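>>> Turn this into a structure:
(one chain, ligands or ions: 1)
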Amino acid sequence: MTTMSNEVPIIFDPQGHPLAPLLCGKLPAELGQLSYRRFPDGESYLRLDSPVKGRHCVVLVEMSSPDRKFLPLSFLTSTLRELEAASIGLVAPYLCYMRQDRRFLDGEAITSRIFAELLSNQVDWMVTVDPHLHRYTSLDEIYAIPTKVIQGAPVLAGWLKSETDVFVVGPDLESEQWVAQIAEYSGHPYVIGEKQRLGDRDVSVSLPDLSELETMTAVIIDDVISSGQTIIECMHTLRSRGVTKINCACVHGIFAGNSDKAILEAGLSELVTTNTIPHYIRVSLTNSMFLACC
Ligand code: R5P
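Numbers count the residues shown, from 1 in each chain. Sure thing, here's the model as predicted:
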């Protein structure tokens with residue numbers, strides 16, 4: 001984002017995300033004031049308490065559980081537009097609806113494309129962290145606005161570098177893109193598994209030969225943890241191969257239905273996430289986020 005007026009941008013943070021005060025301090029930006037509440041019937045009330053006419057505005061919303069967040073976000077961006085904000089950017093530390101990237105079965109909605117179209121109509125630019133790019137090579141394939149992607153791998157690699165006697169495990173072929181990068185930077189060996197997903201919570205993970213690695217600590221790395229089944233199944237396979245100490249790190253810890261508890265109860269030694277979705281934070285993306293928003 002380039003600031004064209006003398007005034008600093010305003011950041012609106014309807015969720016109270018921990019990145020907001022950090023970004024305000026680093027950019028610098030002003031924290032915008034707004035009042036939001038729900039009426040008894042579940043409809044939203046929104047009022048912007050900061051003047052926005054002619055100001056560059058940034059909305060910070062992490063988009064896990066998106067169906068309940070999208071409408072309030074639309075009310076906010078539409079109101080900013082109507083009140084003549086100079087520009088509206090979205091900082092979405094986690095970007096939802098990236099995994100349904102094709103029609104797997106006849107008649108299915110390709111929600112990634114539909115959601116991208118909806119969001120592109122609301123904001124002028126977007127910054128996000130590690131969107132799940134699998135069959136799309138870039139956000140440009142579906143987003144019509146300028147986007148900037150921040151990588152979580154460098155901060156996870158920085159954390160992993162200080163760990164000793166570990167090997168990195170990517171649970172599926174998609175994970176190789178960040179696992180290889182993390183392993184190379186942190187100087188640890190890695191293996192990549194193969195995942196079969198038969199349903200939302202029906203997953204199996206197979207791994208290649210682990211001889212010479214099984215006495216080390218395995219660190220499973222994934223971009224997203226949702227139901228937790230990928231991690232739990234990967235842990236089962238590691239255990240069946242004689243690996244006893246297992247840690248796990250991910251960029252986005254959604255932990256749907258408290259799946260973090262299930263993962264920890266399955267015997268995980270340590271769970272690490274970045275601060276895109278506040279939870280088990282060991283590594284912070286603030287500096288990278290600051291650079292991307294400048
Ligand atoms: C999928 O391709 C992603 O990289 C993750 O492996 C997946 O989203 C994890 O989902 P769950 O926690 O529900 O197994």
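>>> neighbours around residue 243, how many?
Residue neighbour count, defined by other C-beta atoms under 10 Å, stands at 20 for residue 243. For every residue, glycine as well, the C-beta is placed using N, CA and C.
>>> That one contacts residue 210, correct?
Yes. Counting by C-beta atoms under 8 Å, a contact exists between residue 243 and residue 210, whose distance comes to 6.8 Å.
>>> Tell me which strands the helix or strand hosting residue 223 pairs with, and in which orientation.
Using DSSP states H and E, the element containing residue 223 is strand 217-225. Sheet neighbours of strand 217-225, with direction, are listed as strand 166-170 (parallel), strand 246-253 (parallel) (DSSP bridges).
>>> what's the most buried one of those?
Of those, the one with the most neighbours on average (mean count of other C-beta atoms under 10 Å) is strand 246-253, at a mean of 26.
>>> Over to the residue in the stretch 51-200 of the chain positioned nearest to the ligand. Which of the three states is it?
The stretch 51-200 of the chain approaches the ligand most closely through residue 174 (4.8 Å), counting by C-beta to the nearest ligand atom. Residue 174 falls in the helix class when you classify it by DSSP: H, G, I helix; E, B strand; the rest coil.
>>> Tell me which residues touch it, please.
Shown in contact with residue 174 (C-beta atoms under 8 Å, 6 or more residues apart in numbering): 132, 134, 223.
>>> ok, now residue 36?
The neighbours of residue 36, taking C-beta under 8 Å, 6+ apart as the test, are 14, 44-47, 72.
>>> any chance of the residues you listed in a markdown table, with pLDDT, distance to the ligand and neighbour count too?
Conversion of those to a markdown table gives the following (pLDDT from 0 to 100; distance: C-beta to the nearest ligand atom, whole Å; neighbours: other C-beta atoms under 10 Å):
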| residue | pLDDT | distance to the ligand | neighbour count |
| --- | --- | --- | --- |
| 14 | 95 | 26 | 18 |
| 44 | 97 | 29 | 13 |
| 45 | 98 | 34 | 10 |
| 46 | 98 | 32 | 14 |
| 47 | 98 | 37 | 10 |
| 72 | 97 | 25 | 16 |
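>>> Residue 263 belongs to a helix, doesn't it?
Yes. When the secondary structure is assigned by three-state DSSP, residue 263 falls within a helix.
>>> Select from the contacts of residue 174 the one having the most neighbours.
The member of those surrounded by the most neighbours (other C-beta under 10 Å) is residue 223, with 22 neighbours in all.
>>> Can you pull out the low-pLDDT segments for the stretch 1-150 of the chain?
By pLDDT under 70, the low-scoring segments of the stretch 1-150 of the chain are 1-6.
>>> now do 50
Using pLDDT under 50 as the threshold, the predicted model of the stretch 1-150 of the chain has low-confidence ranges 2-4.
>>> Okay then, goodbye and thanks.
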